[in-house]
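**Student:** Mind folding the following:
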Amino acid sequence: MNHQIFTWYRSRNKLRQEIRWLEFLSIFALFVAALALFCLNLGNLPLLEGEERTIAQVAKEIAAHPLDSLHWLFPTFQGKPYLTQPPLVHGAIALLYRLIDRQIWTTRLPGAFLAACSVPLLYSLGREIFIARTSAIFAALMYLTLWPVVQHGRLAALDGAVLCFEILTIWCVLRSRRDLRWALGAGIGLSLLGFSHGMMGAVVIAIALVFLAWDTPRLLSSGFFALGLGLGIAPVIAWYVTQSLHYGMPFAATMFGQYFKVSGKHSVSLSLSPLIEIFKFSWPWLIFSLYGLRLAWQERNWGWAKLILVWSGVFLVVVSLFSVQHSEAIVPIYPALALAGGAALGEVGNWPVERPYPRLWASLLSLLALVPIVIGLAIYFEVNFSWFKTVDELSFVVLGALSLTWGFGAILLAQRSEQFISILIWGMYVSWLLLVSSSNWI
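**Tutor:** Got it, this is the predicted structure:
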């Protein structure tokens with residue numbers, strides 16, 4: 001009897017170790033794949049006019065001062081107080097300037113590194129809400145190969161930091177449902193988000209509160225949860241108070257007033273721009289994300305469905321109202337869309353053999369496969385395409401890879417083969433890897 005108990009404990013411990021190793025390998029592989037895609041060839045194109053050059057200039061002026069200088073807390077832009085955004089990303093770039101050198105790739109590296117970190121974080125978040133590991137893997141890989149995430153994550157902008165800290169915060173909120181100590185982690189995530197982009201911190205707080213009120217309302221009345229969240233948020237609150245005392249009303253007017261400006265006037269109006277941005281740049285994963293959102297609505301009694309609906313719904317409404325002039329403002333909604341798509345692809349694996357895949361999926365992929373061919377012909381016949389600043393052989397290779405990926409995906413869908421998922425994921429990853437190797441990734 002004792003020998004049987006010992007054998008049972010030994011087999012259980014062995015199974016736990018295997019699961020831990022599988023989790024570690026999954027996270028490590030996702031991180032390496034993300035690093036390659038987000039950090040390759042960062043310095044081959046000049047910084048863009050606007051946000052990239054502004055952030056680089058602010059970082060340059062910060063780096064010109066010693067580390068113990070208050071200038072790191074009160075940065076300037078061309079000698080004047082910089083009040084537009086908190087300086088966490090700018091400070092990270094300035095630190096690289098001091099440690100390495102002032103180069104294009106060092107300017108883009110902090111945002112790209114944080115964007116790469118967001119991929120395994122999204123996988124961990126998916127493991128928290130999905131029963132099956134495959135759904136979390138699909139969500140992370142879909143997120144990794146969404147072009148808006150790749151492009152904006154590689155720029156010297158705030159998007160990489162926002163994506164990383166947004167996912168970190170929501171992951172900690174989910175884990176705090178089982179262990180209240182994770183509320184401190186959620187607060188730290190919100191602080192990091194607040195130090196990176198003030199408005200996004202407020203949006204993520206709204207998402208977390210609405211989700212908890214729907215899914216786990218007991219947490220909202222927990223003193224330990226409030227204490228942990230408050231301790232984590234304290235640093236960013238202290239920073240905003242310090243800025244307000246130092247600059248007065250101009251700080252609040254500049255920091256928060258910018259989100260209400262529409263066409264030069266202070267107002268709030270509903271815009272379809274976010275939906276248009278998603279429709280233009282989210283293919284082919286938008287096909288499955290829309291199905292996943294429908295599935296979430298049908299199964300809205302489950303925690304994963306509540307999170308996806310609240311995350312995408314709250315963020316879309318806020319961005320539609322307050323950020324219509326910034327096309328990149330929609331980027332933080334893509335983790336929610338990737339989770340919805342992961343849920344959809346995970347559901348596909350549970351369908352009975354006799355159930356066919358929706359014909360619309362194969363039809364849309366077939367149409368998508370024609371788009372790169374049309375673009376390639378237009379380039380070949382010297383039609384002016386603003387998408388390609390310089391045309392080389394690699395441009396045609398990228399277009400061919402996309403067309404083959406979507407075409408074979410449509411064929412496998414029509415044949416009801418689950419291999420269409422692998423083809424789409426690998427094809428999209430290789431296509432974007434080729435694109436970032438070229439001079440056309442911006």
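**Student:** Can you point out the buried residues in the helix or strand in which Q243 is found?
**Tutor:** Using DSSP states H and E, Q243 falls within helix 223-247. Buried residues in helix 223-247, counting neighbours by 16 or more other CB atoms under 10 Å, are found at F225, G228, L229, G232, I233, V236, W239, Y240, Q243, Y247. All C-beta spots, glycine's among them, are computed from the backbone N, C-alpha and C.
**Student:** And for it, what's in contact with it?
**Tutor:** The contact list for helix 223-247, computed with CB atoms under 8 Å, 6 or more residues apart in numbering, reads 73-74, 81, 83, 86, 176, 180-191, 194-195, 198, 201, 219, 251-252, 255.
**Student:** for stretch 52-64, same thing?
**Tutor:** Here stretch 52-64 has contacts from 47, 71-72, 75-79, 82, 84, 87, 89-91, 93-95, 97-98, 102, 107-108, 155-158, using CB under 8 Å, 6+ apart.
**Student:** Can you list which of these are found in helices?
**Tutor:** Among the contacts of stretch 52-64, DSSP state H puts V89, H90, G91, I93, A94, L95, Y97, R98, T107, R108 in helices.
**Student:** still on that earlier bit, buried only: go through the contacts of helix 223-247 for me.
**Tutor:** Neighbour counting by 16+ other CB under 10 Å classes 74, 83, 86, 176, 180, 182-191, 194-195, 198, 201, 219, 251, 255 among the contacts of helix 223-247 as buried.
**Student:** ok so, going back, can you tell me which of the buried residues of helix 223-247 lies nearest to K280?
**Tutor:** V236 (33.7 Å; CB to CB).
**Student:** what helix or strand does the nearest residue to the closest one once chain neighbours are set aside sit in?
**Tutor:** Distances taken as CB to CB, 6 or more residues apart in numbering put G194 closest to V236, at 3.6 Å, once the chain neighbours are dropped. Assigned by DSSP H and E, G194 belongs to helix 182-196.
**Student:** so what does that helix touch, helix or strand wise?
**Tutor:** helix 88-99, helix 159-175, helix 198-215, helix 223-247 (3 or more CB pairs under 8 Å, 6 or more residues apart in numbering; DSSP states H and E).
**Student:** Would you reformat these as a markdown table and include mean pLDDT and distance to I373?
**Tutor:** Below are the helices and strands packed on helix 182-196 laid out as a markdown table (pLDDT from 0 to 100; distance: least, CB to CB, whole Å):
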| stretch | mean pLDDT | distance to I373 |
| --- | --- | --- |
| helix 88-99 | 91 | 39 |
| helix 159-175 | 93 | 31 |
| helix 198-215 | 87 | 39 |
| helix 223-247 | 85 | 49 |
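**Student:** State the distance from Y334 to F288.
**Tutor:** Separation of Y334 from F288 (CB to CB, to the nearest Å) stands at 13 Å.
**Student:** more neighbours, those two?
**Tutor:** Taking other CB atoms under 10 Å, Y334 and F288 do not tie; Y334 has more neighbours (28 against 25).
**Student:** What sits closest to the residue positioned nearest the centre of the chain if chain neighbours are left out?
**Tutor:** Centroid check for the chain by CA atoms, centre = their mean gives L163 as the closest residue, at 4.1 Å. Distances taken as CB to CB, 6+ apart put S118 closest to L163, at 4.5 Å, once the chain neighbours are dropped.
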